[in-house]
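Visitor: Here's a sequence, model it:
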Amino acid sequence: MIPFPPSRAFQKIAKNTTMHVRIIISPPSSRSRLSLSLSLVFGRPPAPSTVPPRVGRGSTRHTSPMDHAYVLCAAFPSSRGASEIRATGNPAAVVVVENDEEDDAGDFCRDESSTDDFQRVATSLNLSETAFVRRGRETAEEKERGTVRYFIRWFTPTCEIGLCGHASVASAAAVLSAPEHADARAVRFEYASGSLTIARDEDRFIMEMKASAPEAFEGCEDVLKEIRDAFETNRETVRGAKFSCTRNAIGDTFLLIEKTDEGDGKDDDGGFGFRGVVQTYVSRAPDLKRIARVGGRGVCVVIPACGERLSESEPDYVVRWFGPNVGIDEDPVTGSACCGVTPLLSARRSDTNSNSFMFGEQLSARTGHLWSRMKPDDAGKVQVAGRVIFTGEGIARHPYTT
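Guide: Next comes the predicted model:
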């Protein structure tokens with residue numbers, strides 16, 4: 001303990017953007033070891049780590065069955081320097097829900113009795129998504145492959161959603177980093193309408209999801225106009241870009257912006273060429289009321305590079321995703337959008353590159369990096385790769401416990 005003279009018995013220590021308050025009460029003698037220390041932590045959690053805190057079964061931090069221990073993660077962080085990586089990627093909380101050993105948790109995904117409790121936790125944490133996972137029972141084949149089975153549910157601050165990529169990757173990192181799964185190579189998550197598998201890949205995790213290719217739909221021209229009106233104020237001068245609108249089965253609407261030969265980046269005469277279009281769609285905050293009128297889960301803006309340098313990271317494509325109807329104005333990084341983005345862009349790739357990962361960057365305020373491709377031996381699945389960092393831990397207290 002650092003000795004403090006009596007005149008400095010009360011000290012306030014601030015560190016970075018996290019506030020730590022330490023109150024030390026000591027008797028007059030500076031030699032005394034007796035003290036009382038109280039720490040209150042608000043704001044940013046401890047430094048990011050690749051090793052998560054222990055949560056779920058075996059955690060000593062539970063004080064009530066109605067409390068939930070959680071870990072905080074950032075999935076799909078960018079490849080910036082260590083000092084900046086904390087502010088990138090998509091934050092998520094992961095709660096491991098304990099179950100009896102003999103319970104296979106098969107009804108976990110449809111258990112309405114837990115919905116209000118889970119929603120309360122997600123609302124209080126106020127992250128784009130909070131994932132709740134519960135251990136299942138592996139088949140003999142899964143055990144042989146080194147795959148563990150869990151059930152999963154996802155909640156935004158306002159509602160439960162049917163699929164979330166970044167919170168699934170964060171959950172896989174938390175599950176596979178647990179000591180009891182040290183030898184596991186992958187985790188299979190079962191959810192209400194399907195399943196997905198996430199495997200370790202050195203410092204990344206590769207998630208496999210069912211592809212959901214976007215298609216044209218009735219009224220797509222009206223929806224295209226609504227989305228463009230949400231972003232643009234002077235559409236008459238736009239040239240050098242082709243716009244198309246499609247939708248997939250999970251409820252995402254995709255605005256694809258491709259470069260054309262007309263007005264090939266020539267903006268000097270006041271025209272609005274491809275570079276001007278890109279600048280508008282990657283930097284402007286859209287009218288979210290118009291985005292909400294599109295309906296469905298969300299709107300995803302997709303811009304392939306088309307030979308242009310879209311950002312300093314030089315990605316193959318950039319995206320932005322907006323989901324005001326599910327409580328997310330703009331998502332930092334949206335792994336589940338790759339269910340549609342990947343088949344949409346893969347159809348435009350040359351045969352020589354069809355099996356390689358595409359490098360994507362999501363240009364939200366936080367930004368994030370991920371890699372995706374169609375699974376080489378299964379065209380019905382998408383593979384999405386990314387990293388995860390652990391940023392903190394905590395306990396969501398039930399309001400009626402102390």
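
Visitor: Do a quick rundown of the helices in the stretch 201-350 of the chain.
Guide: With helices called from DSSP state H, counting those that start in this stretch, the stretch 201-350 of the chain shows them at 220-231, 274-283, 288-293, 338-346.

Visitor: most tightly surrounded among those?
Guide: Burial of the helices of the stretch 201-350 of the chain is given as mean neighbour count (mean count of other Cβ atoms under 10 Å); helix 338-346 ranks first at a mean of 24. (Each C-beta comes from the backbone N, C-alpha and C, glycine too.)

Visitor: Run through who's touching it.
Guide: Residues outside helix 338-346 that contact it (Cβ atoms under 8 Å, 6 or more residues apart in numbering): 163, 165, 209-214, 246, 248, 250, 252, 254, 256, 300, 302, 304, 316-317, 319, 354, 358, 360, 370, 372-374, 382, 384.

Visitor: part of a helix, is R134?
Guide: No: assessed with DSSP: H, G, I helix; E, B strand; the rest coil, R134 is strand; it does not lie in a helix.

Visitor: How about the contacts made by K289?
Guide: Counting by Cβ under 8 Å, 6+ apart, K289 has contacts P324.

Visitor: Any regions of the stretch 51-200 of the chain where pLDDT drops low?
Guide: 51-66, 80-86, 100-106 (pLDDT under 70).

Visitor: any idea how the protein splits into domains?
Guide: Following automatic domain parsing, the chain resolves into domains at 6-42, 68-203+390-396, 220-380.

Visitor: Please state the mean pLDDT value computed over the longest one.
Guide: Domain 220-380 shows an average pLDDT of 88 in the prediction.

Visitor: Output stretch 109-125 as CSV - backbone C-alpha positions only.
Guide: Provided in CSV are the C-alpha atoms of stretch 109-125 (Å, rounded to 0.1, in the frame of the first residue of the first chain):
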residue,chain,number,x,y,z
CYS,A,109,-34.5,-20.6,-27.2
ARG,A,110,-38.2,-20.6,-26.8
ASP,A,111,-38.5,-20.1,-23.1
GLU,A,112,-40.7,-17.1,-22.7
SER,A,113,-40.4,-17.2,-18.9
SER,A,114,-36.8,-15.8,-19.2
THR,A,115,-37.5,-13.2,-21.9
ASP,A,116,-38.4,-10.4,-19.5
ASP,A,117,-35.4,-11.0,-17.4
PHE,A,118,-33.0,-11.2,-20.4
GLN,A,119,-34.5,-8.0,-21.8
ARG,A,120,-34.0,-6.2,-18.5
VAL,A,121,-30.3,-7.1,-18.6
ALA,A,122,-29.9,-6.1,-22.2
THR,A,123,-31.7,-2.8,-21.7
SER,A,124,-29.6,-2.0,-18.6
LEU,A,125,-26.3,-2.8,-20.4
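
Visitor: Would you mark the buried spots in that stretch?
Guide: Within stretch 109-125, the residues scored as buried using 16 or more other Cβ atoms under 10 Å are C109, F118, Q119, R120, V121, A122, T123, L125.

Visitor: distance of the fourth one from E112?
Guide: Spelled out, that is R120. Remark: distance between R120 and E112 (Cβ to Cβ, to the nearest Å) = 14 Å.

Visitor: Equivalent analysis for the fifth one, please.
Guide: Distance of V121 to E112, computed by Cβ to Cβ: 16 Å.

Visitor: circling back to that earlier point, can you redo the buried residues of stretch 109-125 as a markdown table with distance to K143?
Guide: As requested, the buried residues of stretch 109-125 are exported to a markdown table (distance: Cβ to Cβ, whole Å):
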| residue | distance to K143 |
| --- | --- |
| C109 | 22 |
| F118 | 29 |
| Q119 | 34 |
| R120 | 35 |
| V121 | 31 |
| A122 | 32 |
| T123 | 37 |
| L125 | 34 |
